[in-house]
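[1] A structural model of the following input is requested.
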Amino acid sequence: MFHWSVGVRRIVIVGLGLIGGSIGLALKRSGGTDSELVGYVRTPEAGDRALALGVVDRVEHSLSAAVGGADVVILATPVTAIKGILAEIGPRLPEGCLVTDVASTKSEVMNWAEQYLPPTVDFIGGHPMAGKELSGMDAAEADLFQGRIYCLVPGRGASADAVQVAVDLVRQIGARPYFTTASEHDECVAAISHLPLVVSSALVLATTQSAHWSGMSALAASGYRDMTRLAAQHPQMARDICLTNRENIVHWIDLFTAELSRLRQLIEVGDEVELQRSFRDAREARRRWQDEHGSGG
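    The predicted structure follows:
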């Protein structure tokens with residue numbers, strides 16, 4: 001059963017894709033017989049699939065019906081959909097309800113929550129630092145968050161009880177809570193998550209448009225596969241990330257472009273000493289990161 005410090009009887013997950021579905025599976029695996037898991041999906045087919053996979057206990061196709069009586073509402077939709085959802089559910093949320101999300105950017109989401117949610121409910125932004133290139137409910141897995149950092153950003157006025165419920169939820173799915181601010185979060189993930197997404201996509205676009213791609217593709221192996229993994233993410237998610245964290249992402253694209261240009265110049269002039277020093281520095285910096293944080297999870 002769930003070991004909540006504060007009683008939670010009904011948890012609603014809005015959106016049952018990779019992240020929402022994995023949260024449901026992880027919570028169900030933890031043995032939450034005392035807490036009902038309700039999923040909101042738009043189509044009967046998706047609802048049937050969610051029940052068949054055991055992602056939730058019950059499905060609703062109406063947001064109003066889904067959030068009625070909820071103790072916790074988890075928004076697991078594309079980030080740009082969250083604004084409209086908050087506006088719709090705000091007047092229908094029970095007093096004392098905790099609303100949280102899993103979006104990859106936080107500043108815009110926190111602003112929307114403050115704008116559309118009543119003062120009788122608590123909002124705590126969330127972002128699990130976990131995922132994979134596959135998307136959709138069928139890709140969901142109970143172990144997705146195991147040992148991973150889960151960022152938490154308490155909204156203005158969030159109660160101590162609500163914060164504890166959020167921490168309990170994160171721990172129940174096997175993740176590690178990490179408190180941060182919206183601005184700090186967005187600045188950091190722009191560098192370590194969003195820039196790699198842009199670079200991965202740019203590499204795919206540059207190489208696959210080559211007239212020699214048919215031959216190159218036959219030779220592409222683990223290096224190319226590892227570098228381009230993020231380009232396989234859902235296009236809408238990638239778009240939404242860029243649209244809601246523009247300034248930070250552009251900042252890191254500029255820094256990356258400058259470093260790439262420096263390496264280009266060293267290669268062009270054949271500066272073997274500086275080239276070797278640069279690759280050595282990169283290898284040592286990566287090794288220090290791995291030694292301190294393991295796989296980065």
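[2] what sits up against stretch 161-181?
    In this structure, residues lying in contact with stretch 161-181 by C-beta atoms under 8 Å, 6 or more residues apart in numbering are 2-6, 8, 11, 22-23, 26-27, 30, 32, 71-72, 74, 98, 100, 122, 124, 126, 128, 130, 143, 145-154, 188. All C-beta atoms are positioned from the backbone trio N, CA, C, and that covers glycine.
[3] Tell me which of those residues fall in strands.
    Counting by DSSP state E, these place 11, 72, 74, 98, 100, 122, 124, 126, 128, 149-154 in strands.
[4] pLDDT value on the most centrally placed residue in the chain, please?
    Centroid-nearest residue in the chain, with C-alpha atoms, centre = their mean: residue 104, separated by 4.4 Å. Note on residue 104: pLDDT of 96.
[5] Kindly report the same for residue 31.
    Reported pLDDT for residue 31: 70.
[6] What segments of this structure are helices?
    Secondary structure of the chain by DSSP state H: the helices cover 18-29, 44-53, 63-67, 79-89, 107-116, 160-172, 182-189, 195-208, 213-219, 222-227, 235-244, 246-269, 272-293.
[7] nearest to residue 136, of these?
    Taking C-beta to C-beta, helix 18-29 is the member of those nearest to residue 136, at 6.3 Å.
[8] from the middle of its chain, how far away would the closest one be?
    Relative to the mean C-alpha coordinate of its chain, helix 18-29 is positioned 14 Å out (C-alpha atoms, centre = their mean, to the nearest Å).
[9] Same check on stretch 112-129?
    Remark: stretch 112-129 is offset 16 Å from the chain centroid, using C-alpha atoms, centre = their mean.
[10] what does stretch 39-53 give?
    Averaging C-alpha positions (C-alpha atoms, centre = their mean) puts stretch 39-53 21 Å from its chain's average.
[11] So what touches it?
    Contacts of stretch 39-53 (C-beta under 8 Å, 6+ apart): 12-16, 20-21, 24-25, 55-56, 58-63, 66-67, 137-138, 140.
[12] Quick check on those residues: which are buried?
    Neighbour counting with 16 or more other C-beta atoms under 10 Å marks 12-16, 20-21, 24-25, 55-56, 59-60, 63, 66-67, 137, 140 as buried within the contacts of stretch 39-53.
[13] Next, format the helices of the chain as a markdown table and append distance to residue 36.
    Formatted as a markdown table, the helices of the chain follow (distance: least, C-beta to C-beta, whole Å):
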| stretch | distance to residue 36 |
| --- | --- |
| helix 18-29 | 11 |
| helix 44-53 | 13 |
| helix 63-67 | 12 |
| helix 79-89 | 18 |
| helix 107-116 | 24 |
| helix 160-172 | 15 |
| helix 182-189 | 31 |
| helix 195-208 | 36 |
| helix 213-219 | 49 |
| helix 222-227 | 41 |
| helix 235-244 | 28 |
| helix 246-269 | 38 |
| helix 272-293 | 37 |
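[14] separation between the closest residue to residue 267 other than its chain neighbours and residue 206?
    Among residues not flanking residue 267 along the chain, residue 275 sits closest, at 6.7 Å (C-beta to C-beta, 6 or more residues apart in numbering). The spacing between residue 275 and residue 206, counted by C-beta to C-beta, to the nearest Å, is 21 Å.
[15] same check, this time on residue 55
    From residue 55 to residue 206 the distance is 38 Å (C-beta to C-beta).
[16] Check residue 78 too.
    For residue 78 relative to residue 206 (C-beta to C-beta), the value is 26 Å.
[17] which of these two has more neighbours?
    residue 78 (16 against 9; other C-beta atoms under 10 Å).
[18] Quick check on that one: phi, psi?
    Dihedral pair for residue 78: phi -50, psi 150, per degrees, to the nearest 10.
[19] Test my guess that it contacts residue 241.
    No. In this structure, residue 78 is not within contact of residue 241 by C-beta atoms under 8 Å, at 9.4 Å.
[20] Tell me how the chain divides into domains.
    What automatic domain parsing lists as the domains of the chain is 10-180, 185-293.
[21] ok, residue 67 - contacts?
    12, 14, 40, 73, 89, 92, 93, 97.
[22] Just list whatever residues bridge to the fourth one.
    The reference is to residue 73. Beta-bridge partners for residue 73, by DSSP bridges, are residue 12, residue 99.
[23] got a pLDDT number for it?
    98.
[24] mind listing what it touches?
    Residue 73 touches 11, 12, 14, 67, 89, 93, 97, 98, 99, 100, counting by C-beta under 8 Å, 6+ apart.
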